[in-house]
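coords please:
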Amino acid sequence: MAERRTEGRHEQAKGLDARQPLDVLGVLADAQKAAVAAVDPALADIAAASRLAADALLFGGRLVYAGAGSSGLMAMADALELPGTYGISREHIVILLAGGAASLVDLAGGFEDDRALAVSDAKEAGLRAGDCVIAVSASGSTPYALSLIAYAKEKGAKVIAMANNPGAALFDDADVSILLQTPPEVISGSTRMGAGTAQKIAFNLFSTLLGIHLGHVHDGHMVNLKADNIKLRGRACRIVSDISGVGLDEAERLLTLSDGSVKAAVLLARGVEDKAAAQVALDRSGQSLRRALEALEQQNLKARYGA
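Next up, the predicted model:
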């Protein structure tokens, strides 16, 4: 049986409710810092998970986030950000939160025990070979998450498991396991606290590296963002300007010509003939702006000095 650290007693829990408010907050803050530190030992596994997920997307599969309770909410938050931040098609991101929309109104605990619900959700989502499932559970023993993993493996999908207890059952059938060994919670069993903090950080790292693998980050810029509001359109202009060296007005003009594609606008600024040619260059580079720019530079050098 897995060591259930997530259900253990914190060393400073006794008498917590009798302390002064600032003392209580100090204990809680220190526990959050300890949760942050628990991510470092998992970095290699987070890197492996991100590569696995990127490969699934590159070969036409989907990334399926699955979980229950507060862990499921951490997964859902990461999944919802991917299309806007990195332009990943919504059709390639699936969210399986135990209880579905009902859990967004009342995060009832019963859904996490429902194995049949997990199988039903997976079938409705059309889970298949080529997909990559990332299942999360603080305890690592949530029936909903375990059943989803079992179904995913049966269908030939890849599985990433994230949990906060060593030896968690969730890891048994995973292709990549991410152990976030957080200390016992100050409020015993309240895994939305330390465990949730570590999960949120791990998801942030996982999905950011995913964006890099997919070619959607260039010099720290999100070059595949979906600019669908005033703030993001302004950001897109600044990104094109910063990478290409053109002024903001010219960047805005180029973004109009590229139908809002930051990558294509940068290539237009560097002399590519039109949006279609920019898209060809990006397709050849695997959607990597850096590789497309390097290829363009090589092409220009050959034209200038000969082969």
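
contacts only, for the residue nearest to L268 when sequence neighbours are not counted.
Using CB to CB, 6 or more residues apart in numbering and skipping the chain neighbours, the partner closest in space to L268 is L254 (4.8 Å). Every C-beta, even on glycine, is put in place using the N, C-alpha and C of the backbone. Each residue near L254 by CB atoms under 8 Å, 6 or more residues apart in numbering is listed here: 240, 244, 246, 265-266, 268-269.

likewise for L127?
L127 neighbours (CB under 8 Å, 6+ apart): 64, 94, 133, 151-152, 155, 157.

let's have the residues you listed in CSV, adding secondary structure, pLDDT and distance to T182.
Output for the contacts of L127, formatted as CSV (DSSP: H, G, I helix; E, B strand; the rest coil; pLDDT from 0 to 100; distance: CB to CB, whole Å):
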residue, secondary structure, pLDDT, distance to T182
V64, strand, 98, 24
V94, strand, 97, 27
V133, strand, 98, 23
Y151, helix, 97, 28
A152, helix, 97, 25
K155, helix, 97, 31
A157, coil, 98, 27
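
buried subset of those as a ChimeraX selection?
Of these, the buried ones go into a single ChimeraX selection, burial set by 16 or more other CB atoms under 10 Å:
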select :64,94,133,151,152,155,157
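
can you tell me which helix in this structure is longest?
Longest helix in the chain by number of residues, with DSSP state H as the criterion: helix 194-213.

okay, and D78 sits in which element?
helix 69-86 (DSSP states H and E).

okay, that helix in PDB with CA atoms only?
Extracted as PDB, the C-alpha positions of helix 69-86 are listed here (Å, rounded to 0.1, in the frame of the first residue of the first chain):
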ATOM      1  CA  GLY A  69     -11.800  17.100  -7.200                       C
ATOM      2  CA  SER A  70      -9.200  19.800  -6.700                       C
ATOM      3  CA  SER A  71      -6.600  17.800  -8.700                       C
ATOM      4  CA  GLY A  72      -9.000  17.700 -11.600                       C
ATOM      5  CA  LEU A  73      -9.400  21.500 -11.400                       C
ATOM      6  CA  MET A  74      -5.600  21.900 -11.600                       C
ATOM      7  CA  ALA A  75      -5.600  19.800 -14.700                       C
ATOM      8  CA  MET A  76      -8.500  21.600 -16.200                       C
ATOM      9  CA  ALA A  77      -6.900  25.000 -15.600                       C
ATOM     10  CA  ASP A  78      -3.800  23.900 -17.500                       C
ATOM     11  CA  ALA A  79      -5.800  22.500 -20.400                       C
ATOM     12  CA  LEU A  80      -8.000  25.500 -20.900                       C
ATOM     13  CA  GLU A  81      -5.000  27.800 -21.300                       C
ATOM     14  CA  LEU A  82      -3.300  25.900 -24.100                       C
ATOM     15  CA  PRO A  83      -5.400  27.000 -27.100                       C
ATOM     16  CA  GLY A  84      -5.100  30.700 -26.200                       C
ATOM     17  CA  THR A  85      -1.400  30.700 -25.100                       C
ATOM     18  CA  TYR A  86       0.000  28.300 -27.700                       C
END
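
what's the pLDDT at the residue nearest the centre of the chain?
By CA atoms, centre = their mean, the mean C-alpha position of the chain lies nearest to S207, the distance being 2.9 Å. What the model reports for S207 is a pLDDT of 98.

what does the one 10 residues further on give?
In this prediction, V217 carries a pLDDT score of 96.

what of the one 3 residues further on?
According to the prediction, G220 has pLDDT 94.

use 32 as the first number for this chain going forward.
Yes, from this point I'll number from 32; that puts the last item at G251.

in the longest helix of the chain, which residues are buried?
Neighbour-count burial for helix 225-244, counted by 16+ other CB under 10 Å, picks out 225-242, 244.

check stretch 300-314 too.
300-301, 303, 306, 309-310, 312-313.

among those, which one sits closest to I218?
Distance to I218 across those (CB to CB) is lowest for L313, with 49.2 Å.

many thanks, I have nothing further to ask.
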